[in-house]
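In: Build the 3D model from these lines:
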Amino acid sequence: MEYLQNGFTLNIAPGTFPLSTDSILLSDFVRLPKQARVLDLGAGCGTLGLLLCAKDADCAVTGVELSEAAHNAALENIRRNALQGRLFSICADLRSIPSQFSAGSFHCCVSNPPYFTGGPASKTAPQARRDDNCTIQELFTAAAWATRYGGDFYLVHKPERLAEICACAVSSGLEPKRLRLVRHDPNSEVSLILLQCRKGGKPGLIWEELCLHNADGTPSDSYKKIYHL
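Out: Numbering: from 1, shown residues only. Below you'll find the predicted structure:
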């Protein structure tokens, strides 16, 4: 059992993806409008939805998850936290988004998607971390359909795929607007990227950097803020 802010809890069912730094960093990066309707693409057991509901008492999050086991775990997390009116889980392929929702149904989309491309080396990674069923282009196609004009799509990913991500974003009508580079410490390479893309947005990218630890290994002020320490 993981304990989140404001009394929320997250139960990780066997075989589902655990609470990760990626999801925590993404939930902190997201900027929600008032009474936001949010779509979580590849929602797993509802981790991002719970983090966002804990962060913003007025938002409502719908998660779309392919794995039935993860979907059932999400339903249990919704029940445990009495979020039946704010957090929802649908067991479906995100490639079927146009048949699930009307275009522009959500203020914003979020995703902690699979990082690894297909190939022999990727087969050792769990399915939730392989893009066999969710390529970057498919992810952006779904987000572009579901997000209203002027709304945002937020995702976390690996830096080595940034060029591909930006190309797919622009081709889908989602303009990269804000990029945060995450390092473990000031002397380490970038390990994660957080990207905000706007549907119908004009060109113009804000660049941010975040270090999780100081040079001496102690948690940075940013880390303490994000983890509510």
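In: and the host helix or strand of Cys168, which residues are buried?
Out: Per DSSP states H and E: Cys168 is located in helix 162-171. By 16 or more other CB atoms under 10 Å, the buried positions in helix 162-171 come out as 162, 165-166, 168-169. (Glycine included, C-beta is placed from N, CA and C.)
In: I'd like to know which elements the following helix or strand past that helix is packed against.
Out: Proceeding C-terminally, helix 162-171 gives way to strand 174-183 as the next helix or strand, assigned by DSSP H and E. In terms of contacts (3 or more CB pairs under 8 Å, 6 or more residues apart in numbering; DSSP states H and E), strand 174-183 is packed against helix 136-146, strand 147-157, helix 162-171, strand 190-199, strand 206-211.
In: So which of these is nearest Ile12?
Out: Between Ile12 and those, the shortest gap by CB to CB is with strand 147-157, which sits at 18.3 Å.
In: elements contacting the helix-or-strand element of the chain with minimal mean pLDDT?
Out: Using mean pLDDT, DSSP states H and E, the weakest-scoring helix or strand in the chain turns out to be strand 2-3, at a mean of 88. When contacts are defined as 3+ CB pairs under 8 Å, 6+ apart, strand 2-3 sits against strand 9-10.
In: For the spatially most central residue of the chain, give me phi and psi.
Out: Central residue of the chain (CA atoms, centre = their mean): Ser111, 2.8 Å from the mean position. Note on Ser111: backbone dihedrals following degrees, to the nearest 10 are phi -160, psi 140.
In: surely it meets Leu155?
Out: Yes: using CB atoms under 8 Å, Ser111 is in contact with Leu155, at 4.6 Å.
In: shared neighbours of these two, anything?
Out: Leu139 (CB atoms under 8 Å, 6 or more residues apart in numbering).
In: which stretches of the protein have low pLDDT?
Out: 117-131, 133 (pLDDT under 70).
In: Now do the helix ranked longest in it: which elements does it pack against?
Out: With secondary structure taken from DSSP state H, the chain has its longest helix at helix 68-80. Judged by 3+ CB pairs under 8 Å, 6+ apart, the packing partners of helix 68-80 are strand 9-10, strand 60-65, strand 87-91.
In: and the angle for the last one with strand 60-65?
Out: The reference is to strand 87-91. If you take axes from the mean of the first three to the mean of the last three CA atoms, to 10 degrees, strand 87-91 sits at 20 degrees to strand 60-65.
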